[in-house]
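Predicted model, plus sequence, below.
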Amino acid sequence: MTEKHSEHDRSVPPPRQRPVVDGGFSTLSVHGGEARSKPLDAITDPIVCSSTYTFPDTQSVIDFIEQKQQREEYGRYGNPNERVVERKLAALEGGQEAIVFSSGMAAIVGLLMAKLNAGDEIVFFDQCYHRSREFCFKHLSRFGVVTHQVPTGDFAAMEAAITPRTRLLVSESPTNPQLTCIDLEQFVALGKAYEVETLIDATLATPYNLRPLDFGVDYVLHSATKYLGGHNDLLAGCIIGSSENLQDIRNLRGVMGGINSPHNLYLLQRGLKTFELRMERHNQNGLAVAQFLEQHPRVEKVYYPGLPSHPTHEIAKRTMRGFGGLITFLVKDADWRETADIVDRVQLARIGPSLGGVETLIEQPLVMSYYTCTPEERQRFGIPDNMIRLACGIENTEDLIADLRQALDG
Ligand SMILES: *Cc1c(COP(=O)(O)O)cnc(C)c1O
């Protein structure tokens, strides 16, 4: 075998097929990335349960290795259900290509591990998913990558933290749980000025509400466990960007193995069919419930980017189609126990972590995600004892409000 053959990377990208249809958002949710004609004339894609794929003869193997033929080889490098979901996600996000991972965290870890080398630095806005922070400070650091965290939305601080070794600027938008929206024009301009790539974790926005690639962001990342899957029944993650930028991430994923089963991908594809319909209701519920909470005498403060009182409302209004279903609020004059009592009185919403599913979820961040942190750490991360996070599902708005009213009045 020649050198070229032995170095052939088996993580071939999905065939670059144009979307079968073009059209509005819901049309793309239903048909995007799917073939018109499917096996056995089925309207749905079959779940292809195969860990390996066979070749008719040796020449077919050689043709595949020499990249003369695009096809499946072994399940760690991809499967037919994944190809369809990746094309659908790329279409919804307006990107060239998508890569799907087995969870949002696998996607973040995969991207950072693929792009960074020892000695490199990244700059992160400080309001972020706590496991992303943990990965950077506890694990990336062991490989000699330095993470700088700067106050969210403070571009002067972000600029000051950039050095000749900076490789990536990272933010969420909106952030979790304060729902700060980032001015993506400024974020991208800073990256371009210093020739540093940019990554937005847009899990809370979804491509329905915000399309960061349109602003020139290099990588968009989602926990597809949330709104994209939408039914609290699967874990997945994805990254969308240019094919060129995604190639080394795909190669690393083929080695890491953080891939989804065909069954899981079928659920994600099915969930995506109703994506626009669900987002319309999440946006409607989020805004109505936030407005209700803001006028309730037991509520001290509401964080929701759709409210004029939110510090980044102007950015949100300018750049987003809607503001999602996640609301964070503080209970007036309440200690942690009185706050917990309100959570415990809620009947319709279920107590649990996560967001973006059809079922409304409620949690007290102090207890759910930050219980083992010191009070100083919680203060630094902006998690007061009287904070409640509510992830509105798609139930009827009036039922959600009635439930919260009895819990707050109780
Ligand atoms: C949930 C979440 C993640 C992690 O995703 P998983 O699918 O749970 O691994 C990352 N970022 C944000 C903003 C999230 O909400």
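Perfect, thanks for sending it. Numbers count the residues shown, from 1 in each chain.

Could you use CA atoms for every contact and neighbour count after this?
OK.

Just give me how far the helix or strand that contains residue 132 sits from the chain centre.
For residue 132, the host element (DSSP states H and E) is helix 130-134. Here the centre of helix 130-134 is set off from its chain's centre by 14 Å, with C-alpha atoms, centre = their mean, to the nearest Å.

So which elements touch it?
If you count contacts as 3 or more C-alpha pairs under 8 Å, 6 or more residues apart in numbering; DSSP states H and E, helix 130-134 packs onto helix 104-115.

by contact count, what packs against the following helix or strand past the helix it packs on?
Using DSSP H and E, the next helix or strand after helix 104-115 towards the C-terminus is strand 121-125. Secondary-structure packing of strand 121-125 (3+ C-alpha pairs under 8 Å, 6+ apart): strand 146-150, helix 155-161, strand 166-172.

Helices along the stretch 301-410 of the chain, start to end?
Ranges of helices in the stretch 301-410 of the chain, per DSSP state H, counting those that start in this stretch, are 313-319, 336-345, 365-368, 375-381, 397-409.

and the helix ranked longest in the chain, what does it pack onto?
For the chain, the helix that runs over the most residues, judged by DSSP state H, is helix 275-294. If contacts are counted by 3+ C-alpha pairs under 8 Å, 6+ apart, helix 275-294 sits against helix 25-31, strand 299-303, strand 326-331, helix 397-409.

Direction included, what does the third one pair against?
Applying DSSP bridges, strand 326-331 is found paired with strand 299-303 (antiparallel), strand 387-391 (antiparallel).

so how far is that strand off the chain centroid?
21 Å.

Does residue 368 touch residue 353 like I think?
Yes - with contact defined as C-alpha atoms under 8 Å, residue 368 reaches residue 353; the gap is 6.9 Å.

Up against the ligand, what does the stretch 201-350 of the chain have?
For the stretch 201-350 of the chain, the residues in contact with the ligand (C-alpha under 6 Å from any ligand atom) are 203, 223, 225, 235-237.

In TSV: those residues, plus pLDDT and neighbour count.
Formatted as TSV, these follow (pLDDT from 0 to 100; neighbours: other C-alpha atoms under 10 Å):
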residue	pLDDT	neighbour count
203	98	26
223	98	28
225	98	25
235	98	20
236	98	25
237	98	26
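
Highest mean neighbour count out of the strands paired with strand 326-331?
strand 387-391 (a mean of 26; mean count of other C-alpha atoms under 10 Å).

That one and the ligand in contact?
No - shown here: strand 387-391 not in contact with the ligand (C-alpha under 6 Å from any ligand atom), separated by at least 10.8 Å.

how about low-confidence regions in the stretch 1-150 of the chain?
Residues of the stretch 1-150 of the chain meeting the criterion pLDDT under 70: 1-21.

what does it have sitting close to the ligand?
Proximity of the stretch 1-150 of the chain to the ligand, by C-alpha under 6 Å from any ligand atom, involves residues 103-105, 129.

from those, which is closest to residue 38?
Of all those, the one sitting nearest residue 38 is residue 103; the distance, using C-alpha to C-alpha, is 27.7 Å.

ok, for that closest one, nearest residue in space, not its chain neighbours?
residue 236 (3.8 Å; C-alpha to C-alpha, 6 or more residues apart in numbering).

give me every residue that touches that neighbour.
100-104, 223-225, 229, 260 (C-alpha atoms under 8 Å, 6 or more residues apart in numbering).

If we use 6 Å, what do you get?
Residues counted as contacts of residue 236 (C-alpha atoms under 6 Å, 6 or more residues apart in numbering) are 101-104, 224-225.

could I get the strands paired with strand 326-331 as JSON lines with mean pLDDT?
Compiled in JSON lines, the strands paired with strand 326-331 are given as follows (pLDDT from 0 to 100):
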{"stretch": "strand 299-303", "mean pLDDT": "98"}
{"stretch": "strand 387-391", "mean pLDDT": "98"}
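
Next, work out how far apart residue 275 and residue 207 are.
10 Å (C-alpha to C-alpha, to the nearest Å).

quick one, which of the two is more surrounded?
Legend: neighbour count by other C-alpha atoms under 10 Å for residue 275 and residue 207, higher for residue 207 (27 against 24).

Could you report the distance from residue 373 to residue 381?
10 Å.

Repeat that for residue 232.
26 Å.

With residue 169 instead?
Note on residue 169: its distance to residue 381, by C-alpha to C-alpha, is 19 Å.

neighbour count winner among these two?
Taking neighbours as other C-alpha under 10 Å, residue 169 and residue 381 compare with residue 169 leading, 24 against 17.

beta partners of the residue of the stretch 151-300 of the chain found nearest the ligand?
Of all residues in the stretch 151-300 of the chain, residue 223 sits closest to the ligand, at 4.2 Å by C-alpha to the nearest ligand atom. In this structure, residue 223 bridges to residue 237 when assessed by DSSP bridges.
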